[in-house]
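# the sequence and its predicted three-dimensional model are supplied below.
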Amino acid sequence: MGYRIALLRGDGIGPEVINAALEVLNQVGFKAEFIEIKAGYDYWKQAGKPIEDGALEVIRKCHCTLKGPLLTPPGPGTYKSVVVALRRELNLYANIRPFKSYGESARPVDMVIVRENTEDLYSGLEFKVGSTALSIRVISEKASKRISRFAFELARKQKRRKVTVVHKANVMKESCGLFRSTFFDVAKQYPEIQADELVVDAAGYRIVTAPETIDVLVASNMFGDILSDVAAAVVGSLGLAPSANVGDDHALFEPVHGVALDIAGKGIANPLATILSSAMMLNHLGEYDRAKAIELAVDRLIREKKVLTPDMGGNAKTVDVAHEVARLANEIMARL
Ligand code: NAI
């Protein structure tokens, strides 16, 4: 099948980790036409816009999108986050972030954070009144229902037993209250799955102290964003956390991490998050064997502890990890 994949290489370590993923995809025999979309900080500096014109139309015609991280300068005066806009414009309402401890681990972690991707404080509704800045938190029943259903359907498909809603309904009684009550309404349609709740601060504590008790977490946009980095630290590195942004008509795959300017250009970025994101893409496309080969290769690489980047305690380069995962995945592929 002739796949068309939109490719955004990203800023900072983006091009390094995307190249690694492309090498691995190639080695498992995934054939696709990759259509490059120019976007990000460097592009903005030369073109005066953060993403090329007509990008959305091109992306919509592709089977899905593979993306590296994009830099968004803080504060007013520049452009708004490209990825937040893409999630909204393409209606990629569910952000799926699996966190797994690969290799041998004293405390095996296997949780999924399902983050609502279109609303909350990330709606960009901000303004100033005199010297006070205001930000509007948008939580609708429609989006809360959609993301709760998505989380329960994911739990059912992956044979998981519990879905926990994250909120702060004791303080934000209207917005979090609606998110929470909608979740428990939806839960009634899934009697075989336990519905649970955690206040967001307790959720952060639980992820660190007892991650093995968490199965699926469903959270509004900002809580899901913050808790994802906490979960990434628990499984070992941000460089190990993949993600999928999924809607009814399109899906975009990207690592959870950002552009990591502190290590960009040094060739030491961990490419595993992007490689695992590309495996999520293969699963989405129905290329299950190829996805499995990549996941098993990553598991073996971490178990063997020989070729790891510095964030995981090794001294390998990004390209070394890419070559090794590609080699292992190719070997595993031949046996599947
Ligand atoms: P960051 O994820 O870029 O870096 C946080 C820390 O994790 C740094 O110490 C970095 O070196 C380390 N790290 C991240 N990825 C790594 C990898 N693959 N291998 C080894 N170490 C890794 O987070 P930060 O500094 O908050 O964000 C920087 C920029 O990235 C911001 O401009 C933000 O807008 C952008 N960003 C973009 C995202 C996207 O496009 N989806 C997501 C998150 C941030």
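Perfect, thanks for sending it.
# and residue 150, what does it touch?
Applying CB atoms under 8 Å, 6 or more residues apart in numbering to residue 150 gives the contacts 93-94, 114, 246. Glycine gets a C-beta too; all of them are placed from N, C-alpha and C.
# with adjacent residues omitted, what lies nearest to the residue of the stretch 201-336 of the chain found nearest the ligand?
With CB to the nearest ligand atom, the shortest gap between the stretch 201-336 of the chain and the ligand falls at residue 258, namely 2.4 Å. Nearest-residue entry for residue 258: residue 69, 4.8 Å, with adjacent residues in sequence omitted and distances by CB to CB, 6 or more residues apart in numbering.
# what about the one you found, distance to the ligand?
Using CB to the nearest ligand atom, to the nearest Å, one gets 4 Å for the distance from residue 69 to the ligand.
# is that residue in contact with residue 259, as I believe?
Yes - counting by CB atoms under 8 Å, residue 259 is a contact partner of residue 69 at 4.7 Å.
# looking at these two, which is more packed in?
residue 69 (25 against 20; other CB atoms under 10 Å).
# in contact with that one, which residues are there?
Applying CB under 8 Å, 6+ apart, we find residue 69 in contact with 10-14, 254-255, 257-260.
# how about 6 Å then?
With contact set as CB atoms under 6 Å, 6 or more residues apart in numbering, residue 69 has these partners: 10, 14, 258-259.
# so which of the residues you listed belong to strands?
Under the assignment DSSP state E, the contacts of residue 69 contribute nothing to strands.
# what about the residue of the stretch 201-336 of the chain closest to the ligand, neighbour count?
The local packing count at residue 258 equals 17, with neighbours defined by other CB under 10 Å.
# again with the one 3 residues further on
Using other CB under 10 Å, the number of residues around residue 261 comes to 12.
# got JSON lines for the contacts of residue 150, with secondary structure and distance to residue 161 too?
What follows is these, written out as JSON lines (DSSP: H, G, I helix; E, B strand; the rest coil; distance: CB to CB, whole Å):
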{"residue": "93", "secondary structure": "coil", "distance to residue 161": "24"}
{"residue": "94", "secondary structure": "strand", "distance to residue 161": "20"}
{"residue": "114", "secondary structure": "strand", "distance to residue 161": "15"}
{"residue": "246", "secondary structure": "strand", "distance to residue 161": "22"}
